[in-house]
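K.L.:
sequence and computational prediction follow.
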Amino acid sequence: MLLQWNKYAQRLGDKGYRIMESLLLINDPKLNGTAITIELPNEGSKLDFEKEIHGLLGHLKGHLHNHDITIEVIVNESIENKRSFNDQDRYNRLLEINPNIELLRTTFGLDLDA
């Protein structure tokens, strides 16, 4: 389930839907039987997520061959982004977006450790 969840998020990111991609990746959803629970940090995020929930459900139901899947959204104002990024993680993400960054780094002799 998590693999298909992340694939859907990646597909949205590739299409330019960065906000929805970040909402899907803000933390890992929890699976309990056929019910998926995701915690979001605020009510606005929940509203944005719910606008796109039908596309996500269609993707998951089709790829997992299970039409009983449901998604529950919980707003938890106290959660923080659980993914901590170091300089290498940020660089790798930028490199995914624009491979020319490697050329820039090597041309100017830039190093992440400095």
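P.N.:
Received the coordinates, thanks. The structure displayed is predicted, hence computed values, not measured ones. Numbers count the residues shown, from 1 in each chain.

K.L.:
wait, is residue 16 part of a helix?
P.N.:
No. Assigned with DSSP: H, G, I helix; E, B strand; the rest coil, residue 16 falls outside any helix and is coil.

K.L.:
okay, it: pLDDT?
P.N.:
Model confidence at residue 16, given as pLDDT, is 90.

K.L.:
mind checking how far the residue positioned nearest the centre of the chain is from residue 108?
P.N.:
The centroid of the chain falls nearest to residue 25 when counting by CA atoms, centre = their mean (2.4 Å). Residue 25 is 31 Å from residue 108, where distance means CB to CB, to the nearest Å. In this view, the C-beta of every residue, glycine as well, is placed from N, C-alpha and C.

K.L.:
buried residues in the lowest-mean-pLDDT helix or strand in the chain, which are they?
P.N.:
Every helix and strand of the chain was ranked by mean pLDDT, DSSP states H and E. The lowest is helix 87-97, at a mean of 81. Neighbour-count burial for helix 87-97 flags residue 91 (criterion: 16 or more other CB atoms under 10 Å).

K.L.:
and the next helix or strand past that helix?
P.N.:
Counting by DSSP states H and E, the next helix or strand C-terminal to helix 87-97 is helix 100-107.

K.L.:
and that next one, how far out from the chain's middle?
P.N.:
From the chain centre to the centre of helix 100-107 is a distance of 27 Å (CA atoms, centre = their mean, to the nearest Å).

K.L.:
break the protein into its domains for me.
P.N.:
The record assigns the chain these domain ranges, following the TED database: 1-81, 84-113.

K.L.:
which of the ones you listed sits most buried?
P.N.:
Of those, the one with the most neighbours on average (mean count of other CB atoms under 10 Å) is domain 1-81, at a mean of 14.

K.L.:
that older thread, is it true that the residue nearest to the centre of the chain touches residue 2?
P.N.:
No. In this structure, residue 25 is not within contact of residue 2 by CB atoms under 8 Å, at 10.9 Å.
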